[in-house]
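Participant: Take a look and give me a structure for this.
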Amino acid sequence: MFKDRKDAGTQFAERMSAVIVDALDKDGKKVQITFEDPDTFIIVETAGNRAGVGLITRAMRERYPFIRAK
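Facilitator: This next block holds a predicted model:
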């Protein structure tokens, strides 16, 4: 199915990006995905069959320099 864990993560990220963009588009909001100083990071962390989702905004990154996402 997947060549490795990175491949699986990339495919998951691409599918989730499409779902999020479609949902925002239906709500009348135009969005653009960029990796150069984005307005907001959407962070998804998984552990077994559980997952958590968080948002990291540019304002949070500016105020708290220890907050980073890769």
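Participant: Which residue comes closest to D25 once chain neighbours are left out?
Facilitator: V31 (7.4 Å; CB to CB, 6 or more residues apart in numbering). (C-beta placed from N, C-alpha, C; glycine too.)
Participant: Determine the longest helix present in this structure.
Facilitator: Counting residues, the longest helix in the chain under DSSP state H turns out to be helix 5-26.
Participant: Over that helix, what's the mean pLDDT, rounded is fine.
Facilitator: Confidence over helix 5-26 (mean pLDDT, whole number) is 80.
Participant: what lines up beside whichever strand or helix holds I56 in the sheet?
Facilitator: Element membership for I56 (DSSP states H and E) is strand 50-57. Strand 50-57 sits in its sheet next to strand 40-47 (antiparallel), going by DSSP bridges.
Participant: Just list whatever residues bridge to the residue most central in space within the chain.
Facilitator: With distances taken as CA atoms, centre = their mean, I42 lies nearest the centre of the chain, 3.2 Å away. Taking DSSP bridges as the rule, I42 bridges to L55.
Participant: Thank you, goodbye.
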